[in-house]
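Asker: I need the structure of the sequence given here:
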Amino acid sequence: MRTEKEKCHCGEWYDANNDAELIAERQQCKQLCFEYNRLSPLQTEERADLLRRLLGRTGKQFIIEQPFYCDYGYNIEIGENFFMNFNCVILDGAKITFGDNVFVAPNCGFYTAGHPLQVEPRNQGLEYAYPIRVGNNVWIGAQVCVLPGVTIGDNCVIGAGSVVNKDIPANSLAVGNPCRVIRQLDPKEMKNTRS
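Answerer: Numbering: from 1, shown residues only. As a prediction, the model looks like this:
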């Protein structure tokens, strides 16, 4: 019989609220987030070292501003030259992968978790987790919400306040709730535009 963690990693319904292994892993992650968020902003080496302990993979150059919160940490992978601004939340029941040169504005959320629409299984604590992938050279505006199973392609700009509930193809400017592609971006384009 598979564990709840194994069911989670297969994208099946699993019990996150009553499973001792998952609860313990979240508690350990919460403790590391607590320690990270209490470090002085001037303690740059200590901050980077703690994030390397918390996250599944990091590049050499990265900044995650405080406060920062996540569920497990080990399911988060970030590429080179990664920047995440203040007050971001990552619910990483499934893997979340960020490419190189990704910039995330304040108050963003990346949520792999979802729950049943029906009351009874939802009240039993069942949920699912679908992975999120963010490509290279992506800029995500303030207060963007990225939902389970979404892929954002390379060279995209996601406008502030967007709710991304479906895949966004590479080289797109996308905005809104729900988020939709406004136009394709030319990689050679050098105009100063607002999203």
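
Asker: rest of the way, CA atoms for contacts and neighbours
Answerer: Fine.

Asker: low-confidence regions, the protein specifically.
Answerer: Regions of the chain meeting the criterion pLDDT under 70 cover residues 187, 189-195.

Asker: spatially central residue for the protein, please.
Answerer: In the chain, the residue lying closest to the centroid (Cα atoms, centre = their mean) is residue 110, at 3.6 Å.

Asker: which residues sit against the host helix or strand of it?
Answerer: Residue 110 is part of strand 109-111, with elements assigned from DSSP states H and E. Applying Cα atoms under 8 Å, 6 or more residues apart in numbering, the contact partners of strand 109-111 are 88, 89, 90, 91, 92, 132, 143, 144, 145, 146, 147, 148.

Asker: contacting residues for the fifth one?
Answerer: Spelled out, that is residue 92. Residue 92 touches 70, 71, 72, 73, 75, 76, 110, 111, 112, 113, 129, counting by Cα under 8 Å, 6+ apart.

Asker: I'd assumed residue 58 was in contact with the fifth one.
Answerer: No: in this structure, residue 75 is not within contact of residue 58 by Cα atoms under 8 Å, at 11.3 Å.

Asker: is it possible to mark the buried ones in the contacts of strand 109-111?
Answerer: With neighbours counted by 16 or more other Cα atoms under 10 Å, the contacts of strand 109-111 contain buried members at 88, 89, 90, 91, 92, 132, 143, 144, 145, 146, 147, 148.

Asker: farthest pair within the residues you listed?
Answerer: Spatial extent of the buried ones among the contacts of strand 109-111 (Cα to Cα) is set by the pair 92 and 143 at 17.9 Å.

Asker: can I get the contacts of residue 92 in TSV with distance to residue 173 and secondary structure?
Answerer: Listed next are the contacts of residue 92 as TSV, based on distance: Cα to Cα, whole Å; DSSP: H, G, I helix; E, B strand; the rest coil:
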residue	distance to residue 173	secondary structure
70	27	strand
71	29	coil
72	31	coil
73	29	coil
75	27	coil
76	25	strand
110	19	strand
111	21	strand
112	23	coil
113	26	strand
129	27	strand
